[in-house]
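Asks: Structure for the following, please:
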Amino acid sequence: MARIGIAGAGVLGRLLAWRLSRAGHSVTVFDPAAGPAAPSTGHLHPGAPYAAGFTAAGMLSPMAELDNAGPVVARLGWRSLALWREVADTLRAEGNTVQLFAQHGSLMLAHGSDLGAARRVLARLGTAPSFAAELPAPQPLDRAELAALEPVLAPGLHAWLLGGEAQVMPRDMLQAMAAHAPRVHWRWGERVERVLPGVLHVAGEGPVHVDLAVDVRGVGARPDLALRGVRGEVIWLHAPGVTLQRPVRLLHPRHRVYIVPRPGDLFVVGASEIESEDRSPVSLRSAVELMAAAHSVIPELAEARIVHMEANLRPALPDNEPHIQAEPGLLRINGLFRHGWLLAPALVQDALETVGLPPAPLRGFPPPVPEGGHRLWPGQARSTAVLDDNLSHAHPC
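Replies: Okay, here's the model as predicted:
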């Protein structure tokens, strides 16, 4: 049994704690947030310490992300779909009664005036590297097919179905992972100032010594990583009687707006990606653009009520790709940018294998490496880990 200290209780921190505790390790998690749950209403106030994972829409769209991300992100994301399903199934078997995961595919939509922009996106997806062939290709839908699939959508939209894509319910999943990891020691309201091999330096306490120190603090991991925060904004709407089965993306020349259904007649609308570390409330421009786009796709949202708005920061590295660093006594995972929920399970699986702490298997858990293949993640060249064919050890170069 290893003593493990984790700095950060976002998506990565909670998933790591849940997986490691199930494998029998002693896990302590430090986070500056006051408690395990984010506020249920109201925007995040300036400087709020809640993880970006609480604000995210939870779309799991590896094929759609090929529009602006590389094939490795898509490959990791496709693996993560199965892993999130297994996590949700395990939590349900252990007594969780809240819906955590749904897999009905997703839709890409375009108005007639934006068809040119949509075709350019589809062309990029079609010319992606060879791995894209392993993903389901976008399936064009005619008007009758779209109306049968999602009657609430505006007539006249051009549509493509991405089969197999899914969504996770971020807040419920974060809370469930914390609630179902009872052997984890959660130290809320405690900020880790620095993470070094075998040591977490906790504000007001000093060094805490562990066998493995894990840094998943997002933008809080500076200056050890050259991170920046990228502002994202979302709006929650309540629309009783409006039914949407799957997430949709509106392809537009200037921005990609997504609408994600949630249980309880709720919808999350977002898309803003602003190069700013401003945590202040959602701007008028973003609110108007997001809600206008959502209304153009689902006219029945005209009478929806605005529940709340949120803004938060996504942690990104200069190349916008995730980064794993492993060396004796230290593990860092960061830079997931807009792909936190999409990539987290695969990255956690890879990272734990790398440091010699393979996660306890879940029912139907897929093998970590395809037969004859090697595990590879973006940013590996920047990592201090050099992996052998079995990926069983990690040592500094």
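
Asks: Any chance of the backbone angles for the residue most central in space within the chain?
Replies: Centroid-nearest residue in the chain, with C-alpha atoms, centre = their mean: Trp341, separated by 1.6 Å. The phi and psi values for Trp341, taken as degrees, to the nearest 10, are phi -70, psi -30.

Asks: mind checking pLDDT for it?
Replies: pLDDT for Trp341: 97.

Asks: Trp186: what secondary structure?
Replies: In three-state terms, and counting by DSSP: H, G, I helix; E, B strand; the rest coil, Trp186 is strand.

Asks: What's the local residue count around it?
Replies: Residue neighbour count, defined by other C-beta atoms under 10 Å, stands at 20 for Trp186. C-beta: built from backbone N, CA, C; applies to glycine.

Asks: so who does it touch?
Replies: Trp186 makes contact with Ala9, Val29, Asp31, Pro36, Ala178 under the criterion C-beta atoms under 8 Å, 6 or more residues apart in numbering.

Asks: partners of it in the sheet?
Replies: Val29 (DSSP bridges).

Asks: hey, where'd the helices end up in the stretch 151-300 of the chain?
Replies: Taking DSSP state H, counting those that start in this stretch as the criterion, the stretch 151-300 of the chain contains helices spanning 170-179, 284-297.

Asks: ranking the ones you listed by burial, who's on top?
Replies: Mean neighbours per residue, mean count of other C-beta atoms under 10 Å, is largest over the helices of the stretch 151-300 of the chain for helix 170-179, with a mean of 21.

Asks: Could you list every helix and strand that that one packs against?
Replies: helix 11-22, helix 52-55, helix 71-93 (3 or more C-beta pairs under 8 Å, 6 or more residues apart in numbering; DSSP states H and E).

Asks: And for that helix, what's in contact with it?
Replies: With C-beta under 8 Å, 6+ apart, helix 170-179 has contacts from 9-11, 14-15, 17-18, 36-38, 51, 53-58, 87-88, 91, 96, 98-101, 184, 186, 341.

Asks: Quick one: mean pLDDT over it.
Replies: Computed over helix 170-179, the mean pLDDT rounds to 94.

Asks: Now do it: distance to the chain's middle.
Replies: 13 Å (C-alpha atoms, centre = their mean, to the nearest Å).

Asks: quick one, it and helix 11-22 angle?
Replies: Counting by axes from the mean of the first three to the mean of the last three C-alpha atoms, to 10 degrees, helix 170-179 points 30 degrees away from the direction of helix 11-22.

Asks: Show me what secondary structure element comes after the helix or strand bottoming out on mean pLDDT in the chain.
Replies: Taking mean pLDDT, DSSP states H and E as the measure, helix 115-126 is the helix or strand of the chain with the lowest mean score, a mean of 83. Sequence-wise, the next helix or strand downstream of helix 115-126 (DSSP states H and E) is strand 139-141.

Asks: in that following strand, what counts as buried?
Replies: Leu141 (16 or more other C-beta atoms under 10 Å).

Asks: thinking again about what came up before, so which of the helices and strands packed on helix 170-179 is the most surrounded?
Replies: Of all those, helix 11-22 has the most neighbours on average by mean count of other C-beta under 10 Å, namely a mean of 25.

Asks: Let me know the average pLDDT across that one.
Replies: On average, helix 11-22 scores 96.

Asks: Ok, stretch 217-232 next?
Replies: Averaging pLDDT along stretch 217-232 yields 95.

Asks: Per-residue confidence, Arg256, what does it come out as?
Replies: Note for Arg256: predicted pLDDT of 77.

Asks: do you know how far it is from Leu250?
Replies: 7 Å (C-beta to C-beta, to the nearest Å).

Asks: Could you list the low-confidence segments of the stretch 251-397 of the chain?
Replies: 255, 363-397 (pLDDT under 70).

Asks: closest one to Pro197 among the helices of the stretch 151-300 of the chain?
Replies: When those are compared by C-beta to C-beta, helix 170-179 sits nearest Pro197, at 26.2 Å.

Asks: What angle do helix 71-93 and that closest one make with each other?
Replies: Using the same axes, to 10 degrees: helix 170-179 against helix 71-93 is 60 degrees.

Asks: List every C-alpha atom in helix 170-179, with coordinates, as PDB.
Replies: Provided in PDB are the C-alpha atoms of helix 170-179 (Å, rounded to 0.1, in the frame of the first residue of the first chain):
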ATOM      1  CA  PRO A 170     -20.100  16.800 -14.500                       C
ATOM      2  CA  ARG A 171     -21.300  17.900 -11.100                       C
ATOM      3  CA  ASP A 172     -23.100  14.700 -10.300                       C
ATOM      4  CA  MET A 173     -20.000  12.600 -11.400                       C
ATOM      5  CA  LEU A 174     -17.600  14.800  -9.300                       C
ATOM      6  CA  GLN A 175     -19.800  14.500  -6.200                       C
ATOM      7  CA  ALA A 176     -20.400  10.700  -6.700                       C
ATOM      8  CA  MET A 177     -16.600  10.000  -7.000                       C
ATOM      9  CA  ALA A 178     -16.000  11.800  -3.800                       C
ATOM     10  CA  ALA A 179     -18.900  10.200  -2.000                       C
END
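
Asks: rewinding a little: next, format the helices and strands packed on helix 170-179 as CSV and append distance to Arg285.
Replies: As requested, the helices and strands packed on helix 170-179 are arranged in CSV below (distance: least, C-beta to C-beta, whole Å):
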stretch, distance to Arg285
helix 11-22, 28
helix 52-55, 18
helix 71-93, 29
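
Asks: Ok, which of the ones you listed comes nearest Gly270?
Replies: helix 52-55 (8.5 Å).
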